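K.L.:
test case, fold it:
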Amino acid sequence: QVLLVESGGGLVQAGESLRLRCVAFGDTAVTIAMAWFRQAPGKERELVAAIAWDGSMTDYADSVKGRFTASRDNAVNTMYLEMNKLKPEDTAVYYCASGRLWAGTRTTFEYWGRGTQVTVSS
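P.N.:
Purely as a prediction, here's the structure:
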């Protein structure tokens, strides 16, 4: 079991940056794969970025490539999402997720955080 806690969301203007943080508490064996998902009102949840245990492998949604960067510091059981050049369409609740095996975008994510709201004004 692992508890995932997100933070760092907020209200920013278009073009600005935010850094999200996800801290894992508990059994880190189930955090081999970690990811950020987001869900906007009226839309399905989508994968934003996924990252393997050592950070050597990452996958990004096409809509955020070149703007968002996922990273992790396993010494403090934390994953980050650096979001630059934010757009109004990035507005959503961002969720942290983890899984015990890495399979890129096909990873089964078993554990989820409660989410943090990101709002980008135009």
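K.L.:
after the worst-scoring helix or strand of the chain on mean pLDDT comes which helix or strand?
P.N.:
Lowest mean confidence among the helices and strands of the chain (mean pLDDT, DSSP states H and E): strand 58-60, at a mean of 95. Moving toward the C-terminus from strand 58-60, the next helix or strand (DSSP states H and E) is strand 68-73.
K.L.:
contacting residues around that next one?
P.N.:
Under the contact criterion C-beta atoms under 8 Å, 6 or more residues apart in numbering, strand 68-73 has outside partners 34-36, 48-51, 53, 55, 58, 60, 78-84. From N, CA and C alone the C-beta is placed, and that goes for glycine too.
K.L.:
in the least confident helix or strand of the chain, what's buried?
P.N.:
Neighbour-count burial for strand 58-60, counted by 16 or more other C-beta atoms under 10 Å, picks out 59, 60.
K.L.:
next one: stretch 102-112
P.N.:
Neighbour count says stretch 102-112 has 102, 107, 109, 111 buried, by 16+ other C-beta under 10 Å.
K.L.:
the chain: strands as residue ranges?
P.N.:
Counting by DSSP state E, the chain has strands at residues 2-7, 10-13, 18-26, 33-39, 46-51, 58-60, 68-73, 78-83, 92-99, 111-112, 116-121.
K.L.:
before we move on, the earlier item: any idea which of the buried residues of stretch 102-112 is closest to residue 92?
P.N.:
Proximity of those to residue 92 (C-beta to C-beta) peaks at residue 109, which lies at 16.8 Å.
K.L.:
I am finished for the moment; much appreciated.
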